[in-house]
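Student: Sequence first, predicted coordinates after that:
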Amino acid sequence: MASTKLFKNGNSQAVRIPADLAYSRWDIELVTERQGDELRIRPARRRMGDVLGVFAQFSHIFAGGNSGPGKACACLRRRVRHDNALRRG
């Protein structure tokens, strides 16, 4: 177990994370939560975008009867390309 110190950063308290416990990347979002007298810091879960919307299309695609899995995969690939294009702007 590593020891660390609190310090003031603006109007907030901050915690120094020792080098041997540091994350390898700086661009990750962290979640903090208090459990009793403990603070837990962990990476935030990745967002799945509109994964439910994509999966909702499957029932419609397969309901056609003769559309088959190939058509479902093609539809999913188009949807992913479309969503990626929207994210890039």
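Tutor: Here it is on my side, so go on.

Student: Wait, a helix at Gly53?
Tutor: Yes. Assessed with DSSP: H, G, I helix; E, B strand; the rest coil, Gly53 lies in a helix.

Student: how near is it to Thr32?
Tutor: Separation of Gly53 from Thr32 (CB to CB, to the nearest Å) stands at 30 Å. Heads up, the C-betas are built off the backbone N, CA and C, glycines and all.

Student: what's the answer for Trp26, then?
Tutor: From Trp26 to Thr32 the distance is 17 Å (CB to CB).

Student: can you check Arg40 too?
Tutor: 7 Å.

Student: how about low-confidence regions in the chain?
Tutor: 46-50, 58-76, 82-89 (pLDDT under 70).

Student: Please enumerate the helices of this protein.
Tutor: 51-63, 68-88 (DSSP state H).

Student: could you measure Gly36 against Met1, distance?
Tutor: Applying CB to CB to Gly36 and Met1 gives a distance of 17 Å.

Student: What of Trp26?
Tutor: 24 Å.

Student: per-domain residue ranges of this structure.
Tutor: 6-43, 51-88 (automatic domain parsing).

Student: Quick check: end-to-end length of the first one?
Tutor: So that's domain 6-43. Using CA to CA, to the nearest Å, the end-to-end distance of domain 6-43 comes to 20 Å.

Student: Use 39 as the first number for this chain going forward.
Tutor: In the new count, where the first residue is 39, that last one comes out as domain 44-81.

Student: List the buried residues in it.
Tutor: By neighbour count on 16 or more other CB atoms under 10 Å, the buried set for domain 44-81 is empty.

Student: shouldn't Leu44 be in contact with Ser50?
Tutor: No. Taking contacts as CB atoms under 8 Å, Leu44 lies outside contact range of Ser50: 10.2 Å.

Student: between these two, what contacts are shared?
Tutor: Here Leu44 and Ser50 have no joint contacts, going by CB atoms under 8 Å, 6 or more residues apart in numbering.

Student: so how many other residues sit close to the nearest residue to Asp58 once chain neighbours are set aside?
Tutor: Distances taken as CB to CB, 6 or more residues apart in numbering place Ala40 nearest to Asp58, at 6.8 Å, with adjacent residues excluded. Look at Ala40: counted by other CB atoms under 10 Å, it has 9 neighbours.
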